[in-house]
Structures are given as structure tokens and as C-alpha cells.
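Q: sequence plus the predicted model coming up.
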Amino acid sequence: MQRSAVIETEIRDLPPEDGWRVVEKTGRASVTCPCGLSTGLVAATDALRTLQEHMGHGQGRTALAMV
């Protein structure tokens, strides 16, 4: 089974500067996978650890996407 786990980092908008959008990372992220894994928002380091552990499970290849 191929797993396609995705980690998404949370960002927040800051006031624009010179007409440009400004964002910053919040330090939180979530991991989801079609197999049913869904961490919700957790500390980004915990999300990465969960993703790495999840990649080692199951058979076949694991795809990793970071957004």
C-alpha cells in the first residue's frame, strides 16, 4: 500500500508591508494521510516526528509532501 502523508504548517497573516502580504509561521503543523492518520494542529516538531514514524509503517513506498 502506498501512503501519501502530508504535513502542513500553520501560518498567520501580519499587517501588509508596502502592499505585500506578510505571514509568519505559528510553530504548529498537522499531518494527514489517506489511511486515516490526522493529527490536528500540534507542535511542528511533534508533527514531523509523527510523520517520520508513520512513513516507516505499512508496505510499499511512502510519498512525502510538505506544504
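A: Good, I have the coordinates.
Q: which stretches in this structure count as helices?
A: With helices called from DSSP state H, the chain shows them at 44-55.
Q: in it, where is pLDDT below threshold?
A: 1-3, 57-67 (pLDDT under 70).
Q: next one: the residue nearest to residue 33 when sequence neighbours are not counted from residue 36, what distance?
A: Excluding its sequence neighbours, the residue lying closest to residue 33 (C-beta to C-beta, 6 or more residues apart in numbering) is residue 5, at 4.3 Å. Every C-beta, even on glycine, is put in place using the N, C-alpha and C of the backbone. Taking C-beta to C-beta, to the nearest Å as the criterion, residue 5 is separated from residue 36 by 11 Å.
Q: number of nearby residues for the residue nearest to residue 34 when sequence neighbours are not counted?
A: Leaving aside its sequence neighbours, residue 34 sits nearest to residue 4 (C-beta to C-beta, 6+ apart; 6.0 Å). Residues lying near residue 4 (other C-beta atoms under 10 Å) number 13.
Q: same thing with residue 38?
A: Residues near residue 38, counting by other C-beta under 10 Å: 9.
Q: right, and it touches residue 31 too?
A: Yes - if you go by C-beta atoms under 8 Å, residue 38 and residue 31 touch, sitting 7.5 Å apart.
Q: for beta bridges, what are the partners of the residue nearest to residue 34?
A: Beta-bridge partners for residue 4, by DSSP bridges, are residue 63.
Q: this protein: strands as residue ranges?
A: Taking DSSP state E as the test, the strands found in the chain are 3-17, 20-32, 42-43, 62-66.
Q: number of nearby residues for residue 33?
A: Residue 33 has 20 nearby residues by other C-beta under 10 Å.
Q: how close does the nearest residue to residue 48 once chain neighbours are set aside sit to residue 16?
A: The spatially closest residue to residue 48, leaving aside those adjacent along the chain, is residue 7, at 6.7 Å (C-beta to C-beta, 6+ apart). Distance from residue 7 to residue 16, counting by C-beta to C-beta: 27 Å.
Q: name the residue in those two with the higher neighbour count.
A: More neighbours surround residue 7 than the other of residue 7 and residue 16, with 21 against 9 (other C-beta under 10 Å).
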